[in-house]
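Engineer: here's a sequence, model it:
(2 chains, ligands or ions: 2)
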Amino acid sequence: MTPRVGDMLTYLAGIVLAALFLMPLLWLVSLSLRTPAEVYLGAARFIPEAPTLDNFRQILTDGAFGTYLWNAVKLCALGALGAVIVATPAAYAASRFTFRGKGPLMVGILMVQMISPLVVIIPLYRYLDRLGMLESHLSVIAVYMAIGVPLSVWLIKVGFDTIPPALEEAAAIDGCNRADILMRITLPLAAPALASAFILNMIMGWSQFLVPFILLTRDGQLPIAVAIYNFAGSSSASTTQLLAAACLVAVVPALAAFLALQRLIVRAIMAGAVKG
Amino acid sequence: MNVTIQAPQTAPMHDKTPQGATLRLRDLVKRFASGPPAVAGINLDMAADEFVVLVGPSGCGKSTTLRLIAGLETATSGDIEIAGKRVNDQGAAQRDVAMVFQNYALYPHMTVAQNIAFGLRRRGVSRAEAKAAVAEAARALELTDLMHRMPGDLSGGQKQRVAMGRAIVRNPRLFLFDEPLSNLDARLRLTMRTEIKRMHARVPTTTIYVTHDQTEAMTMADRVVVMNAGRIEQIGTPMEIYNTPVSRFVAEFIGAPAMTFADGVLTDTALTLGNGLRLPAPATPHRGPVTLGLRPEALRLASTGLPARLELLEPLGAETLALWQTDALGPVWVRLNPRPDLRPGATGCLQPDMTRAHLFDPQTGQRLT
Ligand SMILES: Nc1ncnc2c1ncn2[C@@H]1O[C@H](COP(=O)(O)OP(=O)(O)O)[C@@H](O)[C@H]1O
Ligand SMILES: [Mg+2]
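Structural biologist: Ligands and ions are numbered 1, 2, ... in the order given. Okay, the predicted model is just below:
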């Protein structure tokens, strides 16, 4: 097989994959631009005859919608931040110190990652109930943190591994204590890894549905994903176009942010890779 | 627009000039979790502003010794005294030493100027004072035009200068170098070697310089410390080490081309080599089995002596090195005048100058006198 054929196959696979993910998104766009009457025409009217932004106007002027969006951002961001803060000292120890049982411990941490929240959600619910922490954002954030920590430890550890210990030694000789070294040398140099971990946790949290769905019921506390689900379940089909608009508003900023930040991360990691 | 102004050669780096400190190592031992001790009982006394080179083969404990002095490793036993005060229990930050690492260890997220200023700022020097000191160090090391570059954009030689700038700007009590030139090409290594010595002459500071390169050791040191397997084999001036090596190990390690060795038996009248060749007995009360050592300048071409065949010539310009094959000594290096009238394959006789011969105990390798 010539490299050219290989390239073409790669592109082909890429196009198929992109189509697979883009079709539902385009379908959403199509629905969100329709008038209620056009919604009933289904796939026959993929490009609406009279496209309207009315649905978006309606969604965005609805105060509750803004609250749901804000709830989602708050839960994700604080959960991601918490996970990175908890994971960083663990990752530092894993990278810089040798101790007995380190290998099995690191594998064990990764194995926690493989447990789906689905499996533990019932005991988790009872546990948080006992603690009186149901119906609170704090409990959701804590669970997001717990879910995010294992992968974050690994990601950040790998980031620390790329920082030569000699830099920390040079800083010690330059008069820094351990805290100074961490704040002025190690953490700044690990910034790409810390940012990657944070953004990955944000994305994981954003696509999280089950945890807030189970732990939160009060309407004003719900994040957007759960709110849309409730809305869809409780209203007639005549609101399909509104639902589609809501979904787009919920998904597109996340997608845009991810694409923008991804480029940033890649650039940061490349800068780290060539600094040699 | 930056204008580089060369500092006068005699100008001190700082107005306040605390001289370098004395250093004393007493029975210093460092044992890692496994293997023999990396440093196995070292004693060393250094005068203030002395330039000492630690030299020895890879793995003999040079870096570990340096890191013990810097406070980057904790000693298993023994004492480290800087300026007469035991510093074993102080961390690296408190010892007020500076170190130039083999890979420079520049902070990649800081500019050259920030790299050099970092240590000063951490030690509480004011921003303005630090700025002035950094500018001065930059001028001395010709770094002025690079001050706003990042380390990633510098060549190896420039990184080396920045690493030195970072060290000298602090005016430390001790200056430690760990094989600082080993990542540079041969020409740059020569330039930097001179540069470091000039810097030391201009701003004298107690300096320990680690290298595995015997030429660097010979050319730079006030005193050379030859290390072997965690111990000190010999301490002395370069000429002492070269002229009277205390052991076969030192004799072998110092000097290029290397000394030639041959086993023999010494009697009242002659030194008889393994293959029966008899040489005049050197002036020594010692009798019995010995190892003879001859440096390239202890042999010359003559009409009588050891029969030899020329294998190859290495013209160096000012002189030519010749490798001869002999029955009695095996291959031997001899220094010849620059343009010898010889071709490889030629035969001749080599006459050893027994007044310049070295004798070692074949069992212990110790020097016999
Ligand atoms: N951190 C360490 N852990 C275990 N052994 C070490 C460590 N550092 C050095 N050593 C060992 O100590 C010995 C001396 O090492 P080193 O001081 O680096 O030698 P040199 O600098 O002369 O090449 C070597 O055998 C090396 O393997
Ligand atoms: Mg070394």
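
Engineer: do you know how far the spatially closest residue to B:L277 that is not a sequence neighbour is from B:S303?
Structural biologist: Once flanking residues are discounted, B:L277 sits nearest to B:A328: 4.3 Å by CB to CB, 6 or more residues apart in numbering or on different chains. For the C-beta atoms, the positions are set from N, CA and C on the backbone; glycine is no exception. For B:A328, the distance to B:S303 equals 17 Å [CB to CB, to the nearest Å].

Engineer: the more surrounded of those two?
Structural biologist: B:A328 (21 against 7; other CB atoms under 10 Å in any protein chain shown).

Engineer: quick one: secondary structure of the more buried one?
Structural biologist: What DSSP: H, G, I helix; E, B strand; the rest coil gives for B:A328 is coil.

Engineer: can you tell me which residue is nearest the centre of chain B?
Structural biologist: B:A217 (2.3 Å; CA atoms, centre = their mean).

Engineer: which secondary structure element contains that one?
Structural biologist: Under the criterion of DSSP states H and E, B:A217 resides in helix B:214-220.

Engineer: contacts for that helix, please.
Structural biologist: B:51, B:53, B:55, B:181, B:193, B:196-197, B:209, B:211, B:224, B:226, B:238, B:241-242, B:253-256 (CB atoms under 8 Å, 6 or more residues apart in numbering or on different chains).

Engineer: at 10 Å what do you get?
Structural biologist: By CB atoms under 10 Å, 6 or more residues apart in numbering or on different chains, the surrounding residues in contact with helix B:214-220 are B:51-56, B:177, B:179-182, B:189-190, B:193-194, B:196-197, B:200, B:207, B:209-211, B:213, B:223-226, B:237-239, B:241-242, B:250, B:253-256, B:258.

Engineer: export stretch A:65-77 as CSV, just CAs?
Structural biologist: Once non-C-alpha atoms are left out, stretch A:65-77 reads as follows in CSV (Å, rounded to 0.1, in the frame of the first residue of the first chain):
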residue,chain,number,x,y,z
PHE,A,65,-32.5,29.2,31.0
GLY,A,66,-29.7,31.5,32.0
THR,A,67,-29.9,30.1,35.5
TYR,A,68,-29.5,26.6,34.2
LEU,A,69,-26.6,27.5,32.0
TRP,A,70,-24.9,29.3,34.9
ASN,A,71,-25.5,26.3,37.2
ALA,A,72,-23.8,24.1,34.7
VAL,A,73,-20.8,26.3,34.3
LYS,A,74,-20.4,26.7,38.1
LEU,A,75,-20.6,23.0,38.8
CYS,A,76,-18.1,22.1,36.0
ALA,A,77,-15.6,24.8,36.7
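
Engineer: mind listing what's buried in the helix or strand containing A:V5?
Structural biologist: According to DSSP H and E, A:V5 maps onto helix A:3-32. Judged by neighbour count (16 or more other CB atoms under 10 Å in any protein chain shown), helix A:3-32 contains these buried residues: A:L28, A:V29, A:S30, A:L31, A:S32.

Engineer: A:A50: what secondary structure?
Structural biologist: Under three-state DSSP, A:A50 comes out as coil.

Engineer: for A:F198, see how far away it is.
Structural biologist: 43 Å.

Engineer: quick one on the thing from earlier: and which of the buried residues of helix A:3-32 is nearest ligand 1?
Structural biologist: Closest approach to ligand 1 among these (CB to the nearest ligand atom): A:L28, at 57.8 Å.

Engineer: find the closest residue to ligand 1 in the stretch 1-150 of chain A.
Structural biologist: Counting by CB to the nearest ligand atom, the stretch 1-150 of chain A gets nearest ligand 1 through A:T98, at 9.6 Å.

Engineer: residues touching that residue, list them.
Structural biologist: Listed by CB under 10 Å, 6+ apart, the contact set of A:T98 reads B:A33.

Engineer: is it correct that it falls within a helix?
Structural biologist: No: under three-state DSSP, A:T98 falls outside any helix and is assigned coil.

Engineer: tell me the pLDDT at it?
Structural biologist: pLDDT, A:T98: 88.

Engineer: next, give phi and psi for it.
Structural biologist: Phi and psi for A:T98, reported as degrees, to the nearest 10, are phi -110, psi 130.

Engineer: could you check how far it is from A:T239?
Structural biologist: From A:T98 to A:T239 the distance is 60 Å (CB to CB).

Engineer: again with A:A254
Structural biologist: Taken as CB to CB, the span from A:A254 to A:T239 is 23 Å.

Engineer: quick one: contacts for the residue nearest in space to the middle of chain A?
Structural biologist: The centre of chain A sits closest to A:I203, judged by CA atoms, centre = their mean, with a distance of 1.1 Å. Residues near A:I203 by CB under 10 Å, 6+ apart: A:C76, A:A80, A:A254, A:L255, A:A257, A:F258, A:L261, A:Q262.

Engineer: B:R127: which of those is nearest?
Structural biologist: A:L261 (34.6 Å; CB to CB).

Engineer: run through the bridge partners of B:R223.
Structural biologist: B:V52 (DSSP bridges).

Engineer: isn't it right up against B:P238?
Structural biologist: Yes: between B:R223 and B:P238 there is a contact at 8.2 Å, judged by CB atoms under 10 Å.

Engineer: quick check: neighbours shared by these two?
Structural biologist: B:V53, B:A217.

Engineer: ok, A:A80 touching A:A197?
Structural biologist: Yes: under the criterion of CB under 10 Å, A:A80 makes contact with A:A197 at 8.0 Å.

Engineer: got any residues that touch both of these two?
Structural biologist: Shared contacts of A:A80 and A:A197, counting by CB under 10 Å, 6+ apart, come down to A:G148, A:S152.

Engineer: related to what we said a few turns ago, would you mark the buried spots in the helix or strand following the helix holding A:V5?
Structural biologist: Following helix A:3-32 in sequence order, the next helix or strand is helix A:36-39 (DSSP H and E). Buried residues in helix A:36-39, counted by 16+ other CB under 10 Å: A:E38, A:V39.

Engineer: OK, contacts around the residue of chain A most remote from its centre?
Structural biologist: With distances taken as CA atoms, centre = their mean, the residue sitting farthest from the centre of chain A turns out to be A:I173, at 40.1 Å. A:I173 makes contact with B:70-72, B:91-93, B:95-99, B:101, B:105, B:119, B:166-167, B:170, B:172, B:176, according to CB under 10 Å, 6+ apart.
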